[in-house]
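1. Sequence first, then the predicted structure, then my questions.
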Amino acid sequence: MANQSYPGSKGFSVKDLVTIGIFTALLFVFTLIGGLPFAPNPVITFYMPVGSALLCGPVFLLMVAKVPKRWSVTIMGIVIGIIWFATGMHWALSLGCVLMALAADFVAGIRRYKSKIVNILSYMLFSLGATWTYLVFFIDPAGWESAMLKNGTEQAYIDTMAVSAPAWLPAVILTGTLAAAAFSGFVGGRLLKKQFEKAGITS
């Protein structure tokens, strides 16, 4: 059963898909743990991607090690994007998760998912998906506000965000997320060294 091919999965087995599903759930849980201290507060909500990126590196890297196949990362990003959309988040968050997962999948695939350094770079790209909603907030504040009001966000929350966001904040969000993801990936690589060696992943 474990070696049974799943139709249309480009070589995925049922076991692969179950593994991706488990690690997607774990990654989402760690995303919430890292992001929840920031997201409810309109002053510091912008740092949610940084907090999330700081915790999810080991989960991402282990999933790639266990399912080193094209589209594995993309599937993870699509599922997370759907969850965010279903829970009423801004559409840019879902779109960012999907498109950055595609980019991350492509990068990891360059070395056939077997390079620890390239996989960390892949994770850094993946982590940028969560920044898209905040970038749209700065690019199109009126449109962002309209979408979030329809999704049930309170006007007072949005107004507080607007007065708390200096023009330089997007740069901080992007660099902070990349730095947190790089650190998380590095720590994850050290923690999971034995697992990576078994999976044939090199530096």
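-> Sure, I can see it. Numbers count the residues shown, from 1 in each chain.
2. so who does the residue lying closest to residue 200 once chain neighbours are set aside touch?
-> Take residue 200 and drop its neighbours on the chain: the residue closest to it by C-beta to C-beta, 6 or more residues apart in numbering is residue 114, 5.9 Å away. Using the backbone N, CA and C atoms, a C-beta is placed for each residue, glycine as well. Residues near residue 114 by C-beta atoms under 8 Å, 6 or more residues apart in numbering: 68, 199, 200, 201, 202.
3. Closest one of these to residue 188?
-> Set against residue 188, the nearest of these by C-beta to C-beta is residue 201 (11.6 Å).
4. Wait, that closest one touches residue 118, no?
-> No: applying C-beta atoms under 8 Å as the test, residue 201 and residue 118 come out as separate, 9.7 Å apart.
5. Which of the contacts of residue 114 fall within helices?
-> Judged by DSSP state H, helices contain the following of the contacts of residue 114: residue 199.
6. out of the contacts of residue 114, who has the most neighbours?
-> Neighbour count (other C-beta atoms under 10 Å) singles out residue 201 as the most crowded of the contacts of residue 114, with 24 neighbours.
7. what separates that one from residue 189, distance-wise?
-> 9 Å (C-beta to C-beta, to the nearest Å).
8. Now do the shared contacts for these two.
-> Common neighbours of residue 201 and residue 189 (criterion: C-beta under 8 Å, 6+ apart): residue 116.
9. Taking the centroid of this structure, which residue is nearest it?
-> Closest residue to the average C-alpha location of the chain: residue 127 at 4.1 Å, with C-alpha atoms, centre = their mean.
10. State the pLDDT value of that residue.
-> Per-residue pLDDT puts residue 127 at 98.
11. One more: residue 8?
-> What the model reports for residue 8 is a pLDDT of 40.
12. cool, and residue 192?
-> 83.
13. do the same with residue 197
-> 77.
14. cool, residue 181 as well?
-> The pLDDT attached to residue 181 in the predicted structure is 98.
15. and the gap between it and residue 171?
-> For residue 181, the distance to residue 171 - C-beta to C-beta - is 16 Å.
16. same question, residue 115
-> Taking C-beta to C-beta, one finds residue 115 at 29 Å from residue 171.
17. Mind checking which of those two has more residues around it?
-> Taking other C-beta under 10 Å, residue 115 and residue 171 do not tie; residue 115 has more neighbours (17 against 9).
18. residues in contact with that one?
-> So residue 115 contacts 201, 202, 203 (C-beta under 8 Å, 6+ apart).
19. Show me what the host helix or strand of residue 147 is packed up against.
-> Assigning secondary structure by DSSP states H and E places residue 147 in helix 141-150. Judged by 3 or more C-beta pairs under 8 Å, 6 or more residues apart in numbering; DSSP states H and E, helix 141-150 is in contact with helix 132-139, helix 155-163.
20. just checking, what packs against the first one?
-> Counting by 3+ C-beta pairs under 8 Å, 6+ apart, the packing neighbours recorded for helix 132-139 are helix 91-110, helix 141-150, helix 169-191.
21. make it 6 Å
-> Applying 3 or more C-beta pairs under 6 Å, 6 or more residues apart in numbering; DSSP states H and E, one finds that helix 132-139 makes contact with helix 91-110, helix 169-191.
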